[in-house]
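In: Make a model of this:
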Amino acid sequence: MPEEILIIDDEEQIRKQFSDFLRRLGYTVTCLSNAQEGISHIQMNNPAVVIVDILLPGMSGLDMLKEISQHSVLPEVIVISGHGTLDAAISALRYGAADFIKKPVNLNQLEGAVARCIRKSSSRNNHNVISQNNRNIFREVECIGNSAQIMQCRRMTEVAAQSPCHSILITGETGTGKEVMARLFHQIRYGNKRPFIAENCPAIAESLIESELFGHVKGAFTGAQSDRSGAFEQAHGGTLFLDEIGDLSLNAQAKLLRVLENRTVRRVGSSEEKHIDVTVVAATNCNLAKQASLGKFRQDLFFRLNCFALHLPPLRDRIDDIIPLASFFADRFMPSSSIGGRKITFSDKAKAAMLEYKYPGNARELRNIIERACIISPSSEIGINDLEFAYPEYIKLPEVDEYTQEDETAAAILTGDDCAMGEYLQDEIDAVYQALQKSGWNKSKAARLLGISYDALRWRVKKYQLKEPQSFIH
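Out: Here you go, the predicted model:
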């Protein structure tokens, strides 16, 4: 059955335009004109995606978003507005919106946003636990490649999975695919019949770490209204993946070590010890050996976890994998069935740029670059002007006398010529400028408002030639 999309807008013309377009794409669409009816429909029907206008009669779209954010099951929400201010976008994202689109809405942009929301909605339920329906989920992109490094990683993962070892440590920079490798390990060892539980250690509050990992009994603390199993119990018979384990406090590390040594857990508030049979796969982007020598990580826990170590090299050190990865991402975001059977390809200049870029965000950054390119590319061939790199200074463009018209367009996008940038960059320019104004041209504050690094903001200020008004100069 097609996924349901709920459209909430008080303008009949907008509702008809969106619904006709989305129905042609194969979605089931429901249209409503106000937020109150929308909340009732969401509670009764649980649509996969909600498209809502900010300005509605009675309850506003933001108020509706705030209301449904309290629900246990929250659909993916795309907020649209004819008054696309930075404040409105930030508020929408703060209350849980998946995307924010300014009116007049580009239907191709809407299609891309809906597709992303559908993917997130499909993986939302029980996303930590592997089910039979996820039979091929571990054939993920970061494990695809032809380089000697990634082939060696696969071989070592197979060795680890076929060994009796119950503790694996995966190291590598952010975005290299540590969780993907952990899931591949799980698939080889257990197939799809055992649980795989993933925990992001930095996201767990220190006061809740014991409850999250080991569980609790009713009345163990304020708010413990019922018994709850922890991650170790949920992973019994399978794999527990602990991401960024280096961020655990020393106190939490001591409790984790005890469980790994004794292979038993005791829920918070209980005296009963429960045996657990769990393979622990820990991952980190820091040097745990160095952290241990500095007293920032327990040496005994490090030795326990380091029973079998796997290291994932950064993408810049395995350039043979870049084009295969890019092709895989493109096919995932824009399958050939959606573009008349044609397969997404890359121009020679696009391939050259991708191979030269250093990818500080590794495979995750490449995935985002390709996803954006698939959305904005007007054809089935992605050219260099469809690619936007966070740090284009890593890419060396051709000399001026070798330029073609396509080169000039690409250079404009990568180096900041506003005249040739195109309308699709205007939103980014507006957002950067509004953030700078809002922060009184304090670049650190503006970067935090936008959710990007200070260096990335400085580059955009230079790229778009944004000048500080005299009124802000002290």
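In: what about Ile80, is that helix, strand or coil?
Out: strand (DSSP: H, G, I helix; E, B strand; the rest coil).
In: quick one: contacts for it?
Out: Asp9, Ile51, Val52, Asp53, Ile54, Phe100, Ile101, Lys102, Lys103, Val105 (C-beta atoms under 8 Å, 6 or more residues apart in numbering). (Glycine included, C-beta is placed from N, CA and C.)
In: ditto for Ala224
Out: So Ala224 contacts Ser211, His216, Val217, Lys218, Val268, Gly269 (C-beta under 8 Å, 6+ apart).
In: Can you tell me which of the contacts of Ile80 end up in helices?
Out: Among the contacts of Ile80, DSSP state H puts none in helices.
In: Can you say which of those residues are buried?
Out: With burial judged by 16 or more other C-beta atoms under 10 Å, the buried subset of these is Asp9, Ile51, Val52, Asp53, Ile54, Phe100, Ile101, Lys102, Val105.
In: which one of the residues you listed sits closest to Leu32?
Out: When these are compared for distance to Leu32 (C-beta to C-beta), Asp9 wins out at 8.4 Å.
In: Show me what the residue lying closest to the closest one once chain neighbours are set aside is bridged to.
Out: In space, Asp9 comes closest to Asp53 once its chain neighbours are excluded; the distance is 4.5 Å by C-beta to C-beta, 6 or more residues apart in numbering. Partner residues in beta bridges with Asp53, using DSSP bridges, are Ile80.
In: secondary structure element for the residue nearest the centre of the chain?
Out: Of all residues in the chain, the one closest to the mean position by C-alpha atoms, centre = their mean is Arg364, 8.0 Å from it. Per DSSP states H and E, Arg364 falls inside helix 362-376.
In: And for Lys218?
Out: Here Lys218 sits in a region with no helix or strand, counting by DSSP H and E.
In: Kindly report the same for Val280.
Out: strand 279-284.
In: Parallel or antiparallel, which strands does that strand pair with?
Out: Strand pairing (DSSP bridges) places strand 279-284 next to strand 167-171 (parallel), strand 239-243 (parallel).
In: Can you check what angle separates the next helix-or-strand element following the first one from strand 279-284?
Out: Towards the C-terminus, the helix or strand next in line after strand 167-171, according to DSSP H and E, is helix 178-190. Computed by axes from the mean of the first three to the mean of the last three C-alpha atoms, to 10 degrees, the angle separating helix 178-190 from strand 279-284 equals 160 degrees.
In: Please name every helix or strand in contact with whatever helix or strand comes next after helix 178-190.
Out: Reading on from helix 178-190 to the C-terminus, the next helix or strand found by DSSP H and E is strand 196-200. Counting contacts by 3 or more C-beta pairs under 8 Å, 6 or more residues apart in numbering; DSSP states H and E, strand 196-200 packs against helix 178-190, helix 231-234, strand 239-243.
In: Can you point out the buried residues in the next helix or strand after the last one?
Out: It stands for strand 239-243. With elements assigned by DSSP H and E, the helix or strand that comes after strand 239-243 is helix 250-262. By 16+ other C-beta under 10 Å, the buried positions in helix 250-262 come out as Ala252, Gln253, Lys255, Leu256, Leu257, Val259, Leu260.
In: any idea whether Arg332 is helix, strand or coil?
Out: helix.
In: thinking Cys307 is in contact with His166, fair?
Out: Yes. Cys307 is within contact range of His166, at 7.4 Å (criterion: C-beta atoms under 8 Å).
In: just to revisit the earlier point, could I get the strands paired with strand 279-284 as a markdown table with distance to Phe185?
Out: Below are the strands paired with strand 279-284 laid out as a markdown table (distance: least, C-beta to C-beta, whole Å):
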| stretch | distance to Phe185 |
| --- | --- |
| strand 167-171 | 6 |
| strand 239-243 | 7 |
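In: just to revisit the earlier point, contact partners for the residue nearest to the centre of the chain?
Out: Thr174, Gly175.
In: follow-up on the earlier one: reformat the buried ones among the contacts of Ile80 as JSON lines; add distance to Tyr464.
Out: As requested, the buried ones among the contacts of Ile80 are exported to JSON lines (distance: C-beta to C-beta, whole Å):
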{"residue": "Asp9", "distance to Tyr464": "32"}
{"residue": "Ile51", "distance to Tyr464": "30"}
{"residue": "Val52", "distance to Tyr464": "31"}
{"residue": "Asp53", "distance to Tyr464": "29"}
{"residue": "Ile54", "distance to Tyr464": "26"}
{"residue": "Phe100", "distance to Tyr464": "20"}
{"residue": "Ile101", "distance to Tyr464": "21"}
{"residue": "Lys102", "distance to Tyr464": "18"}
{"residue": "Val105", "distance to Tyr464": "24"}
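In: Closest one of those residues to Ala161?
Out: Phe100 (42.4 Å).
In: Now for that closest one: which residues touch it?
Out: Ile78, Val79, Ile80, Ser81, Gly84, Ala88, Ala89, Ala92, Leu93.
In: Next, work out how far apart the nearest residue to Glu212 once chain neighbours are set aside and Leu305 are.
Out: If the residues on either side of it in the chain are set aside, Glu212 comes closest to Ile204, at 5.0 Å by C-beta to C-beta, 6+ apart. Distance, Ile204 to Leu305, using C-beta to C-beta, to the nearest Å: 17 Å.
In: For Ser249, which non-adjacent residue is spatially closest?
Out: Using C-beta to C-beta, 6+ apart, the closest residue to Ser249 is Glu206 (5.8 Å).
In: Tell me the predicted confidence for the one you found.
Out: Per-residue confidence (pLDDT) for Glu206: 82.
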